[in-house]
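K.L.:
Return a 3D structure for these sequence lines:
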Amino acid sequence: MSLIVGVDDYSSESDVIIIPSALDFVSQDEMLTPLGRLDKYAASENVFNRQMVARSLLDTLREVCDDERDCIAVLERISRLADDSEPTVRAELMEQVPHIALFCQENRPSIPYAFSKYLLPIVVRYLADQNNQVRKTSQAALLALLEQELIERFDVETKVCPVLIELTAPDSNDDVKTEAVAIMCKMAPMVGKDITERLILPRFCEMCCDCRMFHVRKVCAANFGDICSVVGQQATEEMLLPRFFQLCSDNVWGVRKACAECFMAVSCATCQEIRRTKLSALFINLISDPSRWVRQAAFQSLGPFISTFANPSSSGQYFKEESKSSEDTPVEDKNRYDFFKLWFPDVQIRPEDVTSDPSISNSSVKLENMVEDHAETSRKSPGEISVPVDSSLLCTLSSESHQEAASNENDKKPANCKSALRPEGGASSPDSALLDQELYNSFHFWRTPLPEIDLDIELEQGSGDTLSPETPEETSEVTVPGSSNITMATRKELEEMIENLEPHIDDPDVKAQVDVLSAALRASSLDAHEEASDAEKRSDVQDELGVNGLPNCKINHDASVPLISDAVENMDSALRYIHNDSDLSTNSSFSPDEERRSKVQDVVPQALLDQYLSMTDPSRAQTVDTEIAKHCAYSLPGVALTLGRQNWHCLRETYETLASDMQWKVRRTLAFSIHELAVILGDQLTAADLVPIFNGFLKDLDEVRIGVLKHLHDFLKLLHIDKRREYLYQLQEFLVTDNSRNWRFRAELAEQLILLLELYSPRDVYDYLRPIALNLCADKVSSVRWISYKLVSEMVKKLHTATPPTFGVDLINELVENFGRCPKWSGRQAFVFVCQTVIEDDCLPMDQFAVHLMPQLLTLANDRVPNVRVLLAKTLRQTLLEKEYFLTSASCHQEAVEQTIMALQMDRDSDVKYFASIHPASTKISDDAMSTASSTY
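P.N.:
Take a look at the predicted model:
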C-alpha cells in the first residue's frame with residue numbers, strides 16, 4: 001500500500017507518492033500579479049471560482065488603481081465575465097457594479113469614462129436577461145446608480161431610456177415589459193422633469209392603455225402619483241388625467257385599487273378647481289365600487305385626499321388671539337376681527353381696517369364691504385343662490401328688537417333692521433347711538449342666540465312688483481347658502497347607478513351599496529317636499545314681521561333666501577362650539593334636518609365629508625374593512641386642519657364616537673394625535689371638546705395611556721393655567737400600570753415631568769411633582785432611575801432659582817435624608833448620581849453645592865459598599881475637580897475634597913484606588929458612569 005505524505009517528507013523510497021500541499025497553492029497565487037490571479041480564476045471551470053472573481057473585482061481594482069493600463073485591463077475582463085453562461089455569476093457581478101462604479105467615480109482622473117464605457121452597457125443589457133434573478137439585480141443596480149448620481153445625464157438619455165422604451169414595445173416579453181415600466185416610473189423622480197416629459201411620459205401614457213396586459217396597467221396605476229409629482233400640474237392635467245380616469249374605471253379591480261391608493265398624490269398635482277369638480281366625483285365612484293378591496297383602499301385614502309383641499313387662509317391656523325398682528329389692536333376690535341376671520345375666512349381683514357367709530361364699534365364691522373369682497377372671491381357652488389341685494393339691506397338682529405316686533409303686531413315698521421352704512425350726513429343722532437349700545441353690548445352679543453327667523457320675499461307677479469319704488473344706486477352680488485337638496489341631475493345619476501348595480505344584487509357588498517344609494521334617493525325626494533313646506537312657513541313669518549314695509553330694498557331671486565336665519569344659525573353654531581355656552585348646551589335639541597345642515601361646509605365637497613363621517617358607521621366595518629375606524633382616526637387631524645376650526649362642529653360627533661370605540665387601537669391612534677388636534681382647534685375648543693376625551697384616555701388601557709403620556713407636555717401647555725393645575729392630582733396615577741414590568745411607561749413619565757417643570761409654579765412642583773420624582777429615583781430599573789436623576793437635578797435648579805428659595809433647600813435636605821443617609825446602598829449610590837448630575841448641569845452654584853450637598857457626599861468615602869465609593873471617586877475626580885471653583889479657591893471645601901480623594905487613593909478596593917488616582921480627562925465620564933450603573937444594579 002502506497003504511503004501518501006506531504007512535500008515535507010523527504011523519503012527516497014520508490015513507493016512513496018509526493019503531492020503538493022495546500023500552502024503551495026497559496027504561495028503560487030501570491031507569486032501571481034492581481035491580473036494574473038484574475039485571469040486564472042476567471043477561466044476556471046468551477047462556478048464558485050468565477051463567483052469569487054466577481055466578488056473580488058473591487059479589491060483587484062484597488063490594488064492596481066495606480067496604473068491606468070491595469071485598471072482598464074480589469075474593466076475589460078469585467079466585460080468578458082459579463083458573458084458568463086452561469087446566471088449566479090452574472091448576478092454576483094451585477095451586485096458589485098454599484099461599488100465598482102463608485103470607485104471609478106472617485107478615481108476619474110486615472111480612469112476617465114470607465115463606467116460609461118465598460119459598466120453601464122452591462123447593466124442595461126442585463127435588464128433584458130433571460131434569468132429573473134439577473135434582471136432583478138440589474139434593476140436594483142440601475143436604481144442605486146441613479147440615486148447616487150453616478151450616471152451622466154447624457155448617458156441616461158442615450159443609453160438607458162432608449163433601452164427601456166424598447167423593452168416596453170408591444171412585441172416585448174410580458175415580464176420584461178412589466179418590469180421595464182416599473183423601472184421607468186421609479187427612475188422618473190431621479191432623472192427630473194425634462195427627461196421624464198420628453199422620453200418617459202409618452203410611453204407611460206401608452207402603457208396606461210395597454211389592453212392586453214392588466215399587469216402593465218396596474219404598475220402604471222401604482223406609480224401614477226410619482227409621475228404626476230415629477231411632470232407638474234400642466235402635464236398632469238393635459239396628458240395624465242384622461243389616462244387616470246380610464247384606469248379608475250378599469251375592468252380589473254386591482255388596477256382600480258392601485259388608483260385609489262395613489263389618489264392623494266395625483267390630487268396634489270392638480271389645481272383646486274379640477275380637484276373639486278372632477279377628482280372628487282371620481283373618488284366617490286371608487287368609494288362606491290363593487291369590489292370590497294377597492295372600497296377598502298378608497299376609504300383609507302379618503303382622509304389624505306380631503307387634506308389636499310387645505311387652504312392656509314381658511315384652515316384656521318392663522319387664527320391666533322395671541323399673535324403679534326393683533327397685539328396692538330383694542331380688545332373689542334380684536335374680538336370682532338377674530339370673529340369675522342372665523343366666519344369669513346376668504347375675506348382678508350386687517351386690524352387697521354376695522355372701524356373704531358363709537359356708533360359702529362359694538363356692531364358687525366362694515367358688513368356690506370365684507371360681503372362684497374366675499375362675493376367676489378368666493379366660488380358659487382350649485383347649492384348656493386346668487387341674490388342681488390342692496391347694501392343697505394344688510395340688517396343685524398338683536399334679541400330686544402325681536403321681542404319688540406313680536407309684542408307689537410300692529411307695528412309694521414322694520415324696527416329690527418338697521419343699516420350698517422355710515423350715515424352720509426356726518427354724526428348719527430343720539431337715539432341712534434343709544435340704540436347701538438343697547439343692541440350690541442357684550443351681554444347681548446354672547447347671550448343665547450335668537451330663534452330662527454327667515455325673511456323670504458317671493459315675487460310672483462313679475463318684475464313690476466317690487467318692495468320699493470326707489471331703485472338702489474348700488475347692488476352687490478351676495479352668495480347665500482341655499483338648500484342642501486340633491487339636484488335633479490344628481491337624482492338621475494343615483495338612479496343610473498342603482499340600475500347598473502342591480503344585476504349584481506346577489507353580492508352582499510353590492511346589495512349594501514344599493515341600499516345606501518336608495519336611501520339617498522329617498523332623502524332627496526323628502527328634501528324637495530320639505531323645501532316647499534319651509535317656503536310656505538317663511539312667507540307666513542315675513543307677513544307677521546312686516547318685511548314688505550322695508551325701505552330701499554330690491555331683491556331679485558328665484559328661490560327662498562334665508563339671509564337672516566343663516567346668520568343666526570351660524571352664530572348659534574359658533575357660540576355653541578367655540579364658547580361652550582352652558583345655555584346652548586342644555587337648550588339645544590337639533591332635529592335630524594337641522595343636524596344634517598349643521599355638518600354642511602364649503603371647504604371640501606360635501607359628498608366627500610359625508611363619506612368620511614360615515615366611516616364610524618358599524619355597517620362599514622362589515623361591508624368595507626374591520627379597521628376602517630382606525631383609518632378614520634388616523635387621518636382625522638388632517639381633515640380637521642383642512643376644514644379649519646370654524647367647521648369643527650362637522651367633526652365633533654365623529655371624534656367623540658371614535659374616542660369611545662370598542663377597539664383600543666382606535667383610541668390609541670386618537671391618543672397619540674390629540675395634542676396635534678388641540679393646536680389646530682385652539683384653547684377654547686380644546687377646553688370644551690378635547691379635555692373630556694383626554695380625561696377618558698388617562699383612565700384607559702396602558703396602550704392608550706402611553707399615547708397621552710408621550711405628548712403630555714404638548715397638550716397641557718395649550719390649556720389655561722387653572723385647567724392645567726387640575727392634572728397635578730392625576731400625575732401620580734401614571735406610576736400605576738397594568739403590567740409592573742412596563743418600565744418604559746415610567747421612563748416616559750420621567751421625561752415628560754422634566755418638560756412639565758416649566759408649566760407649573762415652584763409650589764406646585766414641590767407639592768406634586770417632587771414625590772413622583774423621588775419615587776422614580778428608587779425604581780427597580782436603572783434606565784428609569786437615570787432619567788429620574790436628571791429630573792431631580794432640574795427640579796433642584798428650578799426651586800433654587802425661585803423666590804424665596806425655601807422649596808429648593810427643603811428638597812435638598814430631603815435628598816440628603818432619604819438618599820444620602822439611606823440604609824440601602826442603592827439609595828446612597830443614587831444620592832451620588834444626583835450630586836454628579838447637579839454638578840455636570842450646573843443646577844446649583846458651586847458655593848451652594850459645597851454648603852448643602854457636599855458634606856454628606858464626602859462622608860460616603862467611608863461607606864462599607866465598594867460600589868458607592870467607586871462612584872464617589874469618579875464624581876470627585878472627574879466631575880467636581882473640573883469646576884473652576886475648586887481649582888482656584890483655597891477654601892476649606894477644597895481642602896476637604898483633596899483629603900477625601902487622598903483617602904480614596906489608599907482604599908482597600910483596587911477599583912476605588914484606580915478611579916481616585918487617574919487624571920480627570922483620561923476617561924469618559926458618561927462611559928464610566930454607565931459602566932458603574934450596569935455593574936452595580
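K.L.:
in the stretch 201-350 of the chain, what spans have low per-residue confidence?
P.N.:
Within the stretch 201-350 of the chain, the stretches with pLDDT under 70 are 312-350.
K.L.:
how about the helices in it?
P.N.:
Listed in chain order, the helices of the stretch 201-350 of the chain (DSSP state H, counting those that start in this stretch) span residues 201-208, 214-222, 224-231, 233-235, 241-248, 253-261, 263-268, 272-274, 280-287, 292-307, 331-343.
K.L.:
For the ones you listed, give me CSV that also has mean neighbour count and distance to Gln601.
P.N.:
Yep, even glycine has a C-beta here, placed from its N, CA and C like the rest. Formatted as CSV, the helices of the stretch 201-350 of the chain follow (neighbours: other C-beta atoms under 10 Å; distance: least, C-beta to C-beta, whole Å):
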stretch, mean neighbour count, distance to Gln601
helix 201-208, 18, 35
helix 214-222, 23, 31
helix 224-231, 22, 27
helix 233-235, 14, 26
helix 241-248, 18, 26
helix 253-261, 23, 24
helix 263-268, 21, 18
helix 272-274, 13, 15
helix 280-287, 19, 14
helix 292-307, 23, 11
helix 331-343, 17, 12
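K.L.:
pLDDT weak spots in this structure?
P.N.:
Within the chain, the ranges that satisfy pLDDT under 70 run 1-31, 108-112, 312-490, 503-504, 506-512, 516, 519-520, 522-598, 888-891, 919-937.
K.L.:
Strands along that one, start to end?
P.N.:
Under the criterion DSSP state E, the chain carries strands at the ranges 3-5, 16-18, 384-390, 475-481.
K.L.:
so which of the helices of the stretch 201-350 of the chain gets nearest Gly820?
P.N.:
helix 331-343 (53.7 Å; C-beta to C-beta).
K.L.:
Would you mind measuring from Phe214 to Ala258?
P.N.:
Distance of Phe214 to Ala258, given as C-beta to C-beta, to the nearest Å: 10 Å.
K.L.:
now Val897
P.N.:
Remark: distance between Val897 and Ala258 (C-beta to C-beta) = 71 Å.
K.L.:
What about Leu494, how many residues nearby?
P.N.:
17 (other C-beta atoms under 10 Å).
K.L.:
What of Pro34?
P.N.:
The burial count for Pro34: 17, using other C-beta under 10 Å.
K.L.:
show me what contacts it?
P.N.:
Contacts for Pro34 (C-beta atoms under 8 Å, 6 or more residues apart in numbering) come out as 60, 63-64, 70, 74.
K.L.:
could those be laid out in a markdown table, adding distance to Leu709?
P.N.:
As requested, the contacts of Pro34 are exported to a markdown table (distance: C-beta to C-beta, whole Å):
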| residue | distance to Leu709 |
| --- | --- |
| Thr60 | 57 |
| Glu63 | 57 |
| Val64 | 60 |
| Asp70 | 63 |
| Val74 | 59 |
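K.L.:
so which of these is the most crowded?
P.N.:
Per-residue neighbour counts (other C-beta under 10 Å) across the contacts of Pro34 peak at Val74, which has 23 neighbours.
K.L.:
That one touches Arg37, doesn't it?
P.N.:
No: the criterion here is C-beta atoms under 8 Å, and Val74 misses it with Arg37 at 11.2 Å.
K.L.:
Between those two, which contacts overlap?
P.N.:
With C-beta under 8 Å, 6+ apart, Val74 and Arg37 have common neighbours Thr60.
K.L.:
just checking, Asn311 touches Val604?
P.N.:
No: Asn311 lies out of contact with Val604 (C-beta under 8 Å); the separation is 10.2 Å.
K.L.:
Would you mind telling me which of those two has the busier surroundings?
P.N.:
Neighbours were counted for Asn311 and for Val604 using other C-beta under 10 Å; Val604 has more, 23 against 12.
K.L.:
Leaving out chain neighbours, which residue sits closest to that one?
P.N.:
Nearest residue to Val604 in three dimensions, chain neighbours excluded: Phe309, at 4.4 Å (C-beta to C-beta, 6 or more residues apart in numbering).
K.L.:
does Asp683 really touch Ile721, like I thought?
P.N.:
No: applying C-beta under 8 Å as the test, Asp683 and Ile721 come out as separate, 11.0 Å apart.
K.L.:
higher neighbour count, these two?
P.N.:
Applying other C-beta under 10 Å to Asp683 and Ile721 shows that Asp683 carries more neighbours, namely 16 against 9.
K.L.:
Would you list the phi and psi of the closest residue to that one other than its chain neighbours?
P.N.:
Leaving aside its sequence neighbours, Asp683 sits nearest to Leu718 (C-beta to C-beta, 6+ apart; 5.8 Å). Dihedral pair for Leu718: phi -90, psi -10, per degrees, to the nearest 10.
K.L.:
cool, Arg864 as well?
P.N.:
For Arg864, the backbone dihedrals (degrees, to the nearest 10) come out as phi -80, psi -10.
K.L.:
and it, how many residues sit next to it?
P.N.:
Count around Arg864 with other C-beta under 10 Å applied: 8.
K.L.:
what do you get for Ala916?
P.N.:
Considering only other C-beta under 10 Å, Ala916 is surrounded by 24 other residues.
K.L.:
In contact with it, which residues?
P.N.:
Here Ala916 is in contact with 873, 876-877, 901, 904-905, 907 (C-beta under 8 Å, 6+ apart).
K.L.:
What residues of stretch 691-701 count as buried?
P.N.:
With burial defined by 16 or more other C-beta atoms under 10 Å, the residues of stretch 691-701 counted as buried are 691, 693-694, 697-698, 700.
K.L.:
Stretch 188-202: end-to-end distance?
P.N.:
13 Å (C-alpha to C-alpha, to the nearest Å).
K.L.:
what comes into contact with that stretch?
P.N.:
With contact meaning C-beta under 8 Å, 6+ apart, stretch 188-202 is reached by 143, 146-147, 153, 156-157, 161, 164-165, 184, 187, 226-227, 229-232, 235, 239-240.
K.L.:
picking that back up, of all the helices of the stretch 201-350 of the chain, which lies closest to Asp779?
P.N.:
helix 292-307 (39.9 Å).
K.L.:
Show me what that closest one packs onto, helices and strands only.
P.N.:
When contacts are defined as 3 or more C-beta pairs under 8 Å, 6 or more residues apart in numbering; DSSP states H and E, helix 292-307 packs onto helix 253-261, helix 263-268, helix 280-287, helix 606-613, helix 618-623, helix 628-643.
K.L.:
cutoff 10 Å now
P.N.:
helix 253-261, helix 263-268, helix 280-287, helix 508-545, helix 606-613, helix 618-623, helix 628-643 (3 or more C-beta pairs under 10 Å, 6 or more residues apart in numbering; DSSP states H and E).
K.L.:
Just the C-alphas of it, formatted as PDB.
P.N.:
Listed in PDB are the C-alpha atoms of helix 292-307, where the atom choice follows Å, rounded to 0.1, in the frame of the first residue of the first chain:
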ATOM      1  CA  ARG A 292     -64.700  45.400  -1.500                       C
ATOM      2  CA  TRP A 293     -60.900  45.700  -1.900                       C
ATOM      3  CA  VAL A 294     -61.300  48.900  -4.000                       C
ATOM      4  CA  ARG A 295     -63.700  50.400  -1.400                       C
ATOM      5  CA  GLN A 296     -61.200  49.500   1.300                       C
ATOM      6  CA  ALA A 297     -58.300  51.300  -0.400                       C
ATOM      7  CA  ALA A 298     -60.500  54.200  -1.200                       C
ATOM      8  CA  PHE A 299     -61.600  54.700   2.400                       C
ATOM      9  CA  GLN A 300     -58.000  54.500   3.500                       C
ATOM     10  CA  SER A 301     -57.100  57.300   1.100                       C
ATOM     11  CA  LEU A 302     -60.200  59.400   1.800                       C
ATOM     12  CA  GLY A 303     -58.700  61.400   4.700                       C
ATOM     13  CA  PRO A 304     -55.400  62.100   2.800                       C
ATOM     14  CA  PHE A 305     -57.400  63.100  -0.300                       C
ATOM     15  CA  ILE A 306     -59.500  65.500   1.800                       C
ATOM     16  CA  SER A 307     -56.300  67.000   3.200                       C
END
